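**Q** let me see the structure of the following:
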Amino acid sequence: MDRDEDRILAEELAALGAAAGGSGRLVRVVAGLMRKNVHEVGLVVPLPFEEAVGRVLDVLGRAGRVVETVSPRPGEEAVVRVVAGGGAGGLNPVVVTVRVHGAAGEGSEVRLRAAAKEGLVRQRAGERTAVRLAALLGGATGADRAGG
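**A** Model prediction:
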């Protein structure tokens, strides 16, 4: 992916700050200092690779604004990244990155990662967004992993 999630989050928060009449540059600097709430979920979706990629594009497209996609040759990894709203009122930007791999048999492996900046009030927007989108994608859930 061309832009990392920290840069995207800082840009999104700066745009929100500027829209509210604040200094986008100051918000961008502060966003760089904020801790990040990250959550990853692994799924096996009972769909062939191409259909699983289509499902991911559909679900993520409804959840937020597509920022980047990497389209593979059939059977390789596909990557989709969106910015969705999370937290109180959906105002906290969350960068969601999904990687799809073909798996043995009819299923596809999906790895979903959601990251959001945390202010003084912990909203766990990354974690909650990852869990919500994983449920919408369906499939058997593997181990969840929090990070930051």
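**Q** quick check: Pro46 touching Glu109?
**A** No. Applying C-beta atoms under 8 Å as the test, Pro46 and Glu109 come out as separate, 11.4 Å apart. Yep, even glycine has a C-beta here, placed from its N, CA and C like the rest.
**Q** which of those two has more neighbours?
**A** Applying other C-beta atoms under 10 Å to Pro46 and Glu109 shows that Glu109 carries more neighbours, namely 19 against 15.
**Q** list the contacts of the closest residue to Ala63 other than its chain neighbours.
**A** Once flanking residues are discounted, Ala63 sits nearest to Ala84: 4.6 Å by C-beta to C-beta, 6 or more residues apart in numbering. Going by C-beta atoms under 8 Å, 6 or more residues apart in numbering, Ala84 touches Leu60, Ala63, Gly64, Arg65, Pro93, Val94, Val96, Ala114, Thr129, Leu133.
**Q** for Leu112, give its distance to Val53.
**A** Here the criterion is C-beta to C-beta, to the nearest Å. By it, Leu112 lies 13 Å from Val53.
**Q** and the lowest mean pLDDT element among the helices and strands of the protein?
**A** Using mean pLDDT, DSSP states H and E, strand 140-147 stands out as the lowest-scoring helix or strand of the chain, at a mean of 62.
**Q** which helix or strand contains Val82?
**A** Here Val82, judged by DSSP states H and E, is contained in strand 78-86.
**Q** give me the distance from that strand to the chain's centre.
**A** Relative to its parent chain, strand 78-86 has a centroid offset of 4 Å by C-alpha atoms, centre = their mean, to the nearest Å.
**Q** dump that strand to CSV, keeping only the CA atoms.
**A** Only the C-alpha atoms of strand 78-86 are listed here, as CSV (Å, rounded to 0.1, in the frame of the first residue of the first chain):
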residue,chain,number,x,y,z
ALA,A,78,-6.0,-9.0,-2.8
VAL,A,79,-5.8,-6.0,-0.6
VAL,A,80,-8.5,-3.4,0.1
ARG,A,81,-8.2,-0.4,2.4
VAL,A,82,-11.0,2.0,3.4
VAL,A,83,-11.6,4.8,5.9
ALA,A,84,-14.7,4.1,7.9
GLY,A,85,-16.3,6.0,10.8
GLY,A,86,-16.0,4.6,14.3
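**Q** that concludes my questions; thank you for your assistance.
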